[in-house]
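A.B. asks: Predicted coordinates and the sequence they were generated for:
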Amino acid sequence: MNCKQTEKLLALYVGGDLATGKARSISAHLQSCEGCRRRVDEFAATRDLMRAYVPPEFDAKFFEDVRRGVMSEIKREPPPSFFASNIARFFNRNALAYAASFAILVVAGTFVLRLRNDSTNVVNGPAHSIVISVDEQKDKGAPVGDVAGSEDKREDSPATAQNDLVEAQPHRPNGATLPGTLRAVHPKATRTHVKHGRDEGVAVATPFKEGTDLTTVGHIAPSETLLAEQKAGVIEERKMLRIELQTGDPNVRIIWLSPQSSESLPKR
Amino acid sequence: MTREAASSLFLRTEDDPPGELTAVYADSLAALIERARAGDAESFEKIMVCTEHKVAATAWRFLGTREEARDATQEVYLRAYKYLRSFRAEYDFHGWLHRITTNVCRDMLRTRRALQVETSLTGTLADEREEIDLPTSGGADVAEGAALLSQQREIVRRALDSLPEKERTAIVLRDLEGLSTEEVARLMKTRPATVRSQISTARAKLKFFCERIISEKRSGGGKL
């Protein structure tokens, strides 16, 4: 052990606060280092000075004054009741546990409220909407369910809500609005058949019975892109049902694609 | 109750040696505690007689003056009476009382610092210096010894006043009260390694402070 290492530990060495191994190392170093021995002597002198710091002799009057003050205070206040003191002892003992439980409840409650607010915003806020369109896209073979982060590959229509409908302005994924109105649907996980209207394009998802003619439901605007692509012969017979869910976060959109067989399409 | 009366009840006081009376003392103290918990004020006063010397000595080591030691001792026993019902028989009563004393003294030190008592080496500190009654009999040697002791106490008190609260608490409990590092850590609700670090720093600061004071006194021509 060198002088630099020894100097850091001398304060503890003098007070006997070092582990045995380190104390032995320092003792060995001190045998050959006069500088460190001098520092040890200085620490020892301070320690001796501290030992001189003894309390004075307190006379009987000192303690009589203390006792008198305490007893007069005790007699002035009534003794704590059994009930009150036990309650106090109970809460003193468990105060930390109660405080921790309360804090956890508050945090959990805040979290749940926020989750509920986020989900209900889809219904309340105009920023949330579901654009349901039937896109005539190039058939890629297997049905594609392209929901962000989802493994869903259902061939049926995507899950839509049963009852909650909100008027909203339909829009394309790029933010451009489409003519007409669209009924946005609360994206609860309820399976409902979605059919497209005679005019391919924007369709409406509503809780309706099988076979309902959607062309009479609301205003349905044809998709210009779809018509153009159809004319160009790009689109094949097999059509895809595309559902886009725009969340409150403008950077997050859920897109669901499902193939629709041509036999299920109503004839023009 | 006087100390003689307490001794007649086989109650141990500060000066009594441990040993044969310890068992009797422990039983008597436990009985007193139980009666005091039930609301018997006289039993509580007897408990005070048994323990007041140690409490006052600890308070003085923390605070440095008789007046503050007296106030602190009073506050210690008021708190002890208030929380006596939460004290369990299996606990160590002296340790429990010691913990209360430490907390009361730390609170008073914080209050003192908040009032911004100046701890300069000169000036106003002289007014707060504790008056030590020097013996009038015994000759010059005794008087000189008492004066030396008084000066040494003053140096250490100033040195302790210069420390931050946690370092001061650690060094008082370890070096002046003689508690182990683990006991100090339990009282301060921290780890032994932290206590060792605080003690090391405090001892180094005390050494530097005391050496500086002593060299100034010597260069100023004052005796030490």
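C.D. replies: Yep, it's here.

A.B. asks: on contacts alone, who are the packing partners of the helix or strand where A:W256 lies?
C.D. replies: Assessed by DSSP states H and E, A:W256 sits inside strand A:253-260. In terms of contacts (3 or more CB pairs under 8 Å, 6 or more residues apart in numbering or on different chains; DSSP states H and E), strand A:253-260 is packed against strand A:239-246. (Glycine included, C-beta is placed from N, CA and C.)

A.B. asks: about what we covered before: so what are the sheet partners of the strand holding A:W256 and their directions?
C.D. replies: Strand A:253-260 has the following strand partners under DSSP bridges: strand A:239-246 (antiparallel).

A.B. asks: Format the CA atom coordinates belonging to the strand it pairs with as PDB.
C.D. replies: Output of strand A:239-246 as PDB, limited to C-alpha atoms (Å, rounded to 0.1, in the frame of the first residue of the first chain):
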ATOM      1  CA  LYS A 239     -61.400  -7.000 -54.900                       C
ATOM      2  CA  MET A 240     -60.000  -6.100 -51.600                       C
ATOM      3  CA  LEU A 241     -61.800  -4.600 -48.700                       C
ATOM      4  CA  ARG A 242     -59.700  -1.900 -47.100                       C
ATOM      5  CA  ILE A 243     -60.400  -0.400 -43.800                       C
ATOM      6  CA  GLU A 244     -58.300   2.400 -42.400                       C
ATOM      7  CA  LEU A 245     -58.500   3.500 -38.800                       C
ATOM      8  CA  GLN A 246     -57.000   6.900 -38.100                       C
END
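
A.B. asks: buried stuff in the strand holding A:W256?
C.D. replies: For strand A:253-260, burial by neighbour count (16 or more other CB atoms under 10 Å in any protein chain shown) applies to A:I254, A:I255, A:W256, A:L257, A:S258, A:P259, A:Q260.

A.B. asks: Likewise for stretch B:73-93?
C.D. replies: Quick answer for stretch B:73-93 (16+ other CB under 10 Å): B:73-78, B:80-87, B:93.

A.B. asks: same thing with stretch B:165-183?
C.D. replies: So for stretch B:165-183, counting by 16+ other CB under 10 Å, buried means B:166-177, B:179, B:181, B:183.

A.B. asks: Start and end of it, how far apart?
C.D. replies: End-to-end distance of stretch B:165-183 (CA to CA, to the nearest Å): 18 Å.

A.B. asks: what about it and chain A, touching?
C.D. replies: Yes: with CB under 8 Å from any CB of the partner chain as the measure, stretch B:165-183 is seen reaching chain A through B:R174, B:D175, B:L176, B:T181.

A.B. asks: Count the neighbours of the residue in the stretch 151-268 of chain A that chain B sits nearest to for me.
C.D. replies: Residue of the stretch 151-268 of chain A nearest chain B, by CB to the nearest CB: A:D249 (45.0 Å). Per other CB atoms under 10 Å in any protein chain shown, the neighbour tally for A:D249 reads 10.

A.B. asks: Now do the SS call for it.
C.D. replies: coil (DSSP: H, G, I helix; E, B strand; the rest coil).

A.B. asks: Next, it: phi, psi?
C.D. replies: Here is the backbone geometry of A:D249 (degrees, to the nearest 10): phi -80, psi 120.

A.B. asks: top helix in chain B by residue count?
C.D. replies: Scanning chain B for the longest helix, with DSSP state H as the assignment, gives helix B:192-219.

A.B. asks: pLDDT weak spots in the stretch 1-150 of chain A?
C.D. replies: The model of the stretch 1-150 of chain A has pLDDT under 70 over residues A:78-94, A:118-150.

A.B. asks: And the strands in it?
C.D. replies: For the stretch 1-150 of chain A, strands defined by DSSP state E, counting those that start in this stretch occupy the ranges A:129-135.

A.B. asks: Check for me that B:R88 belongs to a strand.
C.D. replies: No: using three-state DSSP, the secondary structure at B:R88 is coil, not a strand.

A.B. asks: pLDDT score for it?
C.D. replies: With respect to pLDDT, B:R88 has a value of 83.

A.B. asks: Of the buried residues of stretch B:165-183, which belong to helices?
C.D. replies: Short answer: the buried residues of stretch B:165-183 in helices (DSSP H) are B:K166, B:E167, B:R168, B:T169, B:A170, B:I171, B:T181, B:E183.

A.B. asks: Was I right to think the fifth one contacts B:I199?
C.D. replies: Yes: with contact taken as CB atoms under 8 Å, B:A170 and B:I199 are classed as touching, separated by 5.2 Å.

A.B. asks: on that earlier part again, is the longest helix of chain B positioned near chain A?
C.D. replies: Yes: counting by CB under 8 Å from any CB, contacts between helix B:192-219 and chain A involve B:R196, B:I199, B:S200, B:T201, B:R203, B:A204, B:L206, B:K207, B:C210, B:E211.

A.B. asks: Tabulate these in CSV, adding columns for pLDDT and neighbour count.
C.D. replies: Output for those, formatted as CSV (pLDDT from 0 to 100; neighbours: other CB atoms under 10 Å in any protein chain shown):
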residue, pLDDT, neighbour count
B:R196, 95, 20
B:I199, 95, 22
B:S200, 95, 23
B:T201, 95, 17
B:R203, 95, 25
B:A204, 94, 16
B:L206, 94, 26
B:K207, 93, 23
B:C210, 86, 20
B:E211, 85, 14
